[in-house]
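A.B. asks: no sequence on this one, just coordinates:
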């Protein structure tokens, strides 16, 4: 069995994990009072619905990438850039490493998905 064939189920699981995560997080940006407070804390309150909408669209793009790989790569690249900005925001507002870890994790995950999973 080739290395690509062995990685295919893992890559699909990572794509699905990222898609579900960003779909849920994106929706929470529209409906959650906690997310409203968090975006205010990030000093990005006016960007909350835009970020949520982009995350929902990117989650759909990741799923579409299962049949159209270019879409998945584009969505994963967009999410990786978004998480790079999120890490910068966390540093700017002086969050600690524990608070910054989710953004770092999703940055690495989506960079991998973009470069290797499709």
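C.D. replies: On my side now, so go ahead. Just so we're clear, the structure is a prediction, and the values are computed from it rather than from any experiment.
A.B. asks: After the helix or strand encompassing residue 88, which helix or strand is next?
C.D. replies: In this assignment (DSSP states H and E), residue 88 forms part of helix 69-92. Downstream of helix 69-92, the next assigned helix or strand under DSSP H and E is helix 97-112.
A.B. asks: Which positions in that next one come out as buried?
C.D. replies: Neighbour-count burial for helix 97-112 flags 100, 103, 106, 107, 109, 110, 111 (criterion: 16 or more other C-beta atoms under 10 Å). C-betas here are computed from N, CA, C, even on glycine.
A.B. asks: quick one: which of the residues you listed is nearest residue 9?
C.D. replies: residue 109 (16.2 Å; C-beta to C-beta).
A.B. asks: Where does pLDDT dip in the chain?
C.D. replies: 1 (pLDDT under 70).
A.B. asks: For the spatially most central residue of the chain, which non-adjacent residue is spatially closest?
C.D. replies: A centroid search over the chain (C-alpha atoms, centre = their mean) returns residue 79, at 4.4 Å, as the residue closest to the centre. Nearest in space to residue 79, with sequence neighbours left out and distances taken as C-beta to C-beta, 6 or more residues apart in numbering, is residue 110 at 4.2 Å.
A.B. asks: tell me the angle the lengthiest helix in the chain makes with helix 69-92.
C.D. replies: Across the chain, the longest stretch assigned as helix under DSSP state H is helix 3-31. With axes from the mean of the first three to the mean of the last three C-alpha atoms, to 10 degrees defining the directions, helix 3-31 sits at 60 degrees from helix 69-92.
A.B. asks: other SSEs contacting the very next helix or strand once past helix 3-31?
C.D. replies: Using DSSP H and E, the helix or strand that follows helix 3-31 towards the C-terminus is helix 33-41. On a contact count with 3 or more C-beta pairs under 8 Å, 6 or more residues apart in numbering; DSSP states H and E, helix 33-41 meets helix 3-31, helix 48-64.
A.B. asks: for those, which one sits closest to residue 73?
C.D. replies: Nearest to residue 73 among the helices and strands packed on helix 33-41 is helix 48-64 (9.2 Å), distances taken as C-beta to C-beta.
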